[in-house]
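**Q** dropping the sequence and predicted coords here.
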Amino acid sequence: MRMLLFVWLLLVMSAWAEPNFNYDRAQVKTILNQGSPASHIDLVFIGDGYTAAQSSMLEKDARDAVNSLWTYPFFKDYKQYFNAHLVTVPSIQEGTRLFYAFGSTSGSQGMVMVPKEAELRQVAAKAPECDVIIVLTTMPGRAHSANLVVLPSRTFEPLPHELGHKIGKLGDEYDSSSSLGDRRPLDFGGGDIPYPNLTLSAKIDTTNKDTIKKTAKWGHFMDVPGAYPLVGAVQGGFYRAMDVWRPTYSCIMRSDGNPFCPVCHEEMVKAIYAKCGVRFDDAAYHRRHPISQWR
């Protein structure tokens, strides 16, 4: 009887044991090649939840994600600076259970967790270059960390916002009071909040245009003809309604579907140029992107 019970337990355990994923044999395919990785932003797409039989679907979704960027004005203007690659490690379907290659699982508040981040980075490194990793998961939810973005498959509207984080190092401008309880007190060791589009009340004087020019990170915009008051100081950001200021009322870093505000737009261009070895010329930039572009 004990032997039968032991065999039964082994069968049950084997039925639920995760299969082995061969990350060393990940397949790499370049889906957009516009030049040397050294002078381009290389996006690396990785699927999670797609089986080997769904490889064509994954490639289509990755291509659709890239093409969706060109419908967004900023990325359409700077399309020539991007490459894209697809790295594939199939998930495995066994009976009714799908084993995710990178462990995608639902989290709280619309988030998705991908616990096998080390394996993700291992396979992403197989691409010619990797500036941003974009995981397309069949599990609902989104998330981001470091240079990693996780999006639900075929849901591409959040991608420009997430690339704002990963390329421009921009902060979230949300001020949802419902999130206040989830956030620790703001403490940056006496310094400012570490994003170019956000600043603490203690670091900015919003009295008028001149004080904003002197104290805001984006103060140089006060010298751009017509920028003020479109660019100025608006309270709310970093999940707080008070004590954090942002440069404009509306921006994609506040709400998906909006354009980058003038400040975030400039930061994105500076970051792309820095990676791609292009000198940023302030005067030439503002001639190409006058403030009237945002009015």
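**A** Okay, I see it. This is a predicted model, so every value here is computed, not measured.
**Q** I'd assumed Gly226 was in a helix, is it?
**A** No - counting by DSSP: H, G, I helix; E, B strand; the rest coil, Gly226 falls outside a helix, being coil.
**Q** and the pLDDT for it?
**A** What the model reports as pLDDT for Gly226 is 94.
**Q** number of nearby residues for the closest residue to it other than its chain neighbours?
**A** Of all residues not flanking Gly226 in the chain, Ile291 sits nearest, at 4.3 Å (Cβ to Cβ, 6 or more residues apart in numbering). Quick note: C-beta positions are derived from backbone N, CA and C, even for glycine. Neighbourhood size, Ile291 [other Cβ atoms under 10 Å]: 16.
**Q** low-scoring pLDDT stretches of this structure, where are they?
**A** 1-16, 109, 177-185 (pLDDT under 70).
**Q** now do the domain split for it, please.
**A** Domains of the chain are assigned by automatic domain parsing as 17-166, 177-294.
**Q** and the ones you listed, which is most packed in?
**A** domain 17-166 (a mean of 18; mean count of other Cβ atoms under 10 Å).
**Q** just how off-centre is it within its chain?
**A** 11 Å (Cα atoms, centre = their mean, to the nearest Å).
**Q** distance between the ends of that domain?
**A** Using Cα to Cα, to the nearest Å, the end-to-end distance of domain 17-166 comes out at 35 Å.
**Q** ok, Tyr72 - contacts?
**A** Taking Cβ atoms under 8 Å, 6 or more residues apart in numbering, we find Tyr72 in contact with Pro160.
**Q** check Pro152 too.
**A** Pro152 neighbours (Cβ under 8 Å, 6+ apart): Val112, Leu136, Thr137, Thr138, Met139, Pro140, Gly141, Arg142.
**Q** how about Ile252?
**A** Applying Cβ under 8 Å, 6+ apart, the residues contacting Ile252 are Pro160, His161, Gly164, Asn258, Pro259, Phe260, Cys261, Cys264.
**Q** with Tyr81 instead?
**A** Contacts of Tyr81 by Cβ under 8 Å, 6+ apart are Gln34, His40, Ile41, Ile272, Cys276.
**Q** now with 7 Å, please.
**A** Applying Cβ atoms under 7 Å, 6 or more residues apart in numbering to Tyr81 gives the contacts His40, Ile41, Ile272, Cys276.
**Q** swap in Gly110?
**A** Gly110 touches Gly141, Arg142, counting by Cβ under 7 Å, 6+ apart.
**Q** run the last query once more with 8 Å
**A** Pro140, Gly141, Arg142.
**Q** what is the nearest of those to Ser153?
**A** Distance to Ser153 across the contacts of Gly110 (Cβ to Cβ) is lowest for Pro140, with 9.5 Å.
**Q** Arg246 versus the nearest residue to Asp223 once chain neighbours are set aside, what's the distance?
**A** Excluding its sequence neighbours, the residue lying closest to Asp223 (Cβ to Cβ, 6+ apart) is Lys213, at 7.2 Å. Distance, Lys213 to Arg246, using Cβ to Cβ, to the nearest Å: 16 Å.
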